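A.B. asks: predicted model and sequence below, questions to follow.
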Amino acid sequence: MAEEQHQKPAPEVAASSTVVEEVVEVIPPEKPITENEPAPAPAPEPEPEAPEKPVTFEELVEGEKATSIEEKEKTKPSEEAVNVAQSDSFKEESYVVGELPDLQKKALDELKQLIQDALNKHEFTAPPPPPPPPPKEEEKKEEKKEEKEKSPVAAAEEVKEESKTEEVKEESKTEEVKEEASKLEEEVAEAKKEEEEEKELIALVTPKVEQEASSSITIEAKVEKEEEKVTPPPPTEEVVAVVVEKETSIVDEDGAKTVEEIKETIVEVSAPPPPPTTETEEPKEEVTPPPAPEEVSIWGIPLLQDERSDVILLKFLRARDYKVKDAFTMIKNTVRWRKEFEIDALLEQDHGNDWDKVAFTHGYDKKGHPVCYNAFSEFQNKDLYQNTFSTDEKRQKFLKWRIQFLEKSIRKLDFSPTGISSFVQVNDFKNSFGIGKRELWQATKLAVQLLQDNYPEFLAKQVFINVPWWYLAYNRMISPFLTQRTKSKFVFAGPSKSAETLFKYIAPEQVPVQYGGLKREDEQEFTTEDPVTEYTIKPSSKETIEFPYTETGLLVWEVRVSGWDVSYGAEFVPDEEGGYTVIVQKSRKIAPTDETVISNSFKVGGPGKVVLTFDNQTSKKKKLLYRSKTKPSSD
């Protein structure tokens, strides 16, 4: 029978298949909703559902459609530069600068200028110093004095002020000396009068003249010595010299009287002008060249180096809706966090392989994005759970391992403008909820916050599989608080739709066998280069698949039905008339717990065909995957 075309995905799955641009925290409630407890009340709808009817995945998707128009109006970007299609069919934006709108180009240029200035000033690696405390009054006075000492102009002014004060002091001294001189003049005048009155007495005492003369000479000598001892005033001031001459008259016992005469002369002596002061020129400080701009790299790519760094800058801009200052602040915080977290040293650390099945990268989606799987169900292993979350030290070690895993994955991306620089992330919620998993979700919440703050725009799609129905209701409640860009990336699928949803974005040959695909670790006959065909088996129907064969050789094939519960058989029918049909696989019913993938081979001796028969007696449609290839016979 000829192969049929792939069936189109169910409309409810397509409605929730949208694209996002940032990691967003989606943490479930700590306690799952049980059948005895009512589900969280959703936002009011124009036509509320009947309370007795359980919430289904289709109804939740339809509810998302009904509120999409109102949410679009609420989540419009604040700047015209965002120019992102606000619809469920969001397309990943281009990183080619020439294809960007003018406003986005302008935002990129402004961000590059801010980064260049910051690199010149070394603002990335060193945080800005805290502002100094306000100085006290005494400290302010000391600072002013130090500033005057440092400044030659201020020092000169201070010298002038001091010289002025000294001049005032010297002037006051000279005035005092003049006053004393005037008093001496008055005393000399009185002495002269007394001298005239006493001349007569002196004439009578002639024998005593020689004695008086000698005493006068000795007194004059003493006065001269005293004058020599007087220190002259500063050279800048006028000096008043006072010369005192004394004549002494002595009255003896017989009536003779000695007269003491004080003569004073005041002579003004002008000192020579002081030599002109020459201002000493301070040596000019040597101008040192500014330091070279610092070099900053993120994910092994230096900032502002080439077009690859433009891709990184656009990621930060889009994470902040093209608000340049916000994007610049985010970049600075990311650089500092990477230094504090010691990312470069973390890449070389060995954290063991205990979590290799918890998070791993496997295959690519249909657009070439690497696919990362987060298998929370692995923590059903109690030993692994305790070894991961029982103490703060173990939780921190797990966080470092997760960051290391992400860093290594990012460095494998192609950051060229036309390359692939984002992931598709698949989150498996199978058996991962419960009251006992509190530490798991606390650690997840912390990890999500770090990824959101420091790894912008690295997710092309977030696919949640094996999601319980009550989590869909919970997501519907928080949906109004998410941006359109975020919601456009989220895809949710319950257990019955998980494989079908994955196949919409990832080819079955790329999907691991545990998630409904055909990729097995021990695969020998097929590779990811061998395409898989998808086929839908209708309810209560029997379908056949034919592999025609014209040459002698070995035909190999493998098949898988999602959920099985279908009867399967295979036989070879030769083209020759009268030839015998050969039963390759006796028809039997395959239970869901049986083999997930069935492989067969048949050595063909002549022209004919291999016919596979699938009998679906259930009331549900089934997804069939199969592929085949021929190999030369070993004989």
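C.D. replies: Structure received.

A.B. asks: distance check, Leu346 against Phe405.
C.D. replies: 10 Å (C-beta to C-beta, to the nearest Å). Glycine gets a C-beta too; all of them are placed from N, C-alpha and C.

A.B. asks: no wait, Glu342
C.D. replies: Glu342 is 16 Å from Phe405, by C-beta to C-beta.

A.B. asks: give me the more crowded residue out of those two.
C.D. replies: Using other C-beta atoms under 10 Å, the more surrounded residue of Glu342 and Phe405 is Phe405, with 18 against 11.

A.B. asks: okay, that one: pLDDT?
C.D. replies: pLDDT recorded at Phe405 is 95.

A.B. asks: for Ser309, helix, strand, or coil?
C.D. replies: Of the three states, Ser309 takes helix according to DSSP: H, G, I helix; E, B strand; the rest coil.

A.B. asks: make sure it is actually in contact with Ile301.
C.D. replies: Yes. Ser309 is within contact range of Ile301, at 5.6 Å (criterion: C-beta atoms under 8 Å).

A.B. asks: so those two - more neighbours on which side?
C.D. replies: Set Ser309 next to Ile301 and count neighbours by other C-beta under 10 Å: Ser309 wins out with 19 against 14.

A.B. asks: and that one, how far is that from Lys315?
C.D. replies: 11 Å.

A.B. asks: next one: Thr596
C.D. replies: 39 Å.

A.B. asks: which of these two has more residues huddled nearby?
C.D. replies: Of the pair Thr596 and Lys315, Lys315 is the one with more neighbours under other C-beta under 10 Å, namely 23 against 17.

A.B. asks: and that one, its phi and psi?
C.D. replies: Taking degrees, to the nearest 10, you get phi -60, psi -40 for the backbone angles of Lys315.

A.B. asks: and the pLDDT at it?
C.D. replies: Lys315 is assigned a predicted lDDT (pLDDT) of 96.

A.B. asks: going forward, the N-terminal residue is numbered 41.
C.D. replies: With 41 as the first residue, the last one maps to Lys355.

A.B. asks: what about Trp604, neighbour count?
C.D. replies: 21.

A.B. asks: would you confirm that it contacts Pro632?
C.D. replies: Yes. The pair Trp604 / Pro632 is scored as a contact, 5.1 Å apart, by C-beta under 8 Å.

A.B. asks: so where's the stretch 341-490 of the chain uncertain?
C.D. replies: Counting by pLDDT under 70, the ranges of the stretch 341-490 of the chain that qualify are 473-476.

A.B. asks: no wait, the stretch 541-675 of the chain
C.D. replies: 674-675.

A.B. asks: equivalent analysis for the stretch 141-290 of the chain, please.
C.D. replies: Ranges of the stretch 141-290 of the chain meeting pLDDT under 70: 166-214, 216-217, 221, 228, 235, 237-290.

A.B. asks: redo that, cut-off 90
C.D. replies: 161-290 (pLDDT under 90).

A.B. asks: the nearest residue to Trp597 once chain neighbours are set aside: neighbour count?
C.D. replies: Closest residue to Trp597 in three dimensions, ignoring its sequence neighbours and counting by C-beta to C-beta, 6 or more residues apart in numbering: Ser668, at 3.8 Å. Ser668 has 20 neighbouring residues, counting by other C-beta under 10 Å.

A.B. asks: ok, the one 5 residues further on next?
C.D. replies: If you count neighbours by other C-beta under 10 Å, Ser673 ends up with 12.

A.B. asks: mind listing what the closest residue to it other than its chain neighbours touches?
C.D. replies: Distance criterion C-beta to C-beta, 6+ apart; nearest residue to Ser673, sequence neighbours excluded, is Gly593 at 5.0 Å. By C-beta atoms under 8 Å, 6 or more residues apart in numbering, the contact set of Gly593 is Lys643, Val644, Thr670, Lys671, Pro672, Ser673.

A.B. asks: the nearest residue to the fifth one once chain neighbours are set aside and Asp615, how far apart?
C.D. replies: Among residues not flanking Pro672 along the chain, Gly593 sits closest, at 5.5 Å (C-beta to C-beta, 6+ apart). In this view, Gly593 and Asp615 are 15 Å apart by C-beta to C-beta.
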